[in-house]
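Participant: Curious how this folds, go ahead:
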Amino acid sequence: MTQLLRSLLLAAGVLFGLTPALAGVIFQVNIDTTPIAGASGYLAFDLLGGSPLQGNMATISGFATTGTLGTSSTSGNVTGTLTTPPVVLTASTFFNEFLQSITFGVGLTTFDLALSSNFVAGSTPDSFSFFLLDSTLTPYGTSDPSGADALFAIDVTGTPAPVVFTSPSAMATLTPIMSAVPEPGSCVLIVLGCGALLAVRAVRRAS
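Facilitator: Here you go, the predicted model:
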């Protein structure tokens, strides 16, 4: 019986620990850079803090490319690299960027993008944007109406949804691979409920 209770507490603790990492959405991102293959430039992953700052995290993992990577640099609150993943950007400051030099290849650059979904109603949300830059750090042109020339952008609201822009230089597609998780309370209640049933059975057997 004591061992059972310990197991229940451990399971609840694991669920509490995993839930923040699972919250939000995950997209599989495919970028076709065939039109600019052979050119030198940069991949820019930007996470801008809203007003007020809402502390969202953007996590890049599973990176693969037909291009050739060079050096990388960061601004703001960023950890990790594409070769020692994950890259994690945190909107604890206004401007957070991971900048990766690359010689663009024929075919796809792919990665998984996980975004948390903290959002204060009525606020300016945190925002994630992805850019392709040339060797002078100038963005390749896109249909981005803001003029920033992002290849895609995502406002981090309670249900983040990407806006993908067109470009003669590249094509981006984003596929959601995880968009919802159980609420923490629900997970714990399920575990503890199942545990209670096991405990009752154990007591009945002992008696």
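Participant: Bridge partners for the residue most central in space within the chain, pull those for me.
Facilitator: Nearest to the mean C-alpha position of the chain, counting by Cα atoms, centre = their mean, stands residue 114 at 2.0 Å. According to DSSP bridges, residue 26, residue 59 are recorded as the beta-bridge partners of residue 114.
Participant: That one touches residue 29, doesn't it?
Facilitator: No. At 10.8 Å, residue 114 does not count as touching residue 29 under the criterion of Cβ atoms under 8 Å. C-betas here are computed from N, CA, C, even on glycine.
Participant: so where do the strands sit in this protein?
Facilitator: 25-32, 40-48, 57-65, 68-75, 78-79, 87-90, 95-103, 108-115, 126-134, 152-156, 161-164, 171-178 (DSSP state E).
Participant: for the third one, the distance to its chain's centre please.
Facilitator: Between the mean C-alpha point of strand 57-65 and the mean C-alpha point of its chain there is a distance of 7 Å (Cα atoms, centre = their mean, to the nearest Å).
Participant: So what angle separates the directions of it and strand 68-75?
Facilitator: 170 degrees (axes from the mean of the first three to the mean of the last three Cα atoms, to 10 degrees).
Participant: Which secondary structure elements does strand 57-65 sit against?
Facilitator: Packing partners of strand 57-65 (3 or more Cβ pairs under 8 Å, 6 or more residues apart in numbering; DSSP states H and E): strand 40-48, strand 87-90, strand 108-115.
Participant: Equivalent analysis for the fourth one, please.
Facilitator: Helices and strands touching strand 68-75, by 3+ Cβ pairs under 8 Å, 6+ apart, are strand 95-103.
Participant: Apart from its neighbours in sequence, what residue is nearest residue 52?
Facilitator: residue 123 (6.2 Å; Cβ to Cβ, 6 or more residues apart in numbering).
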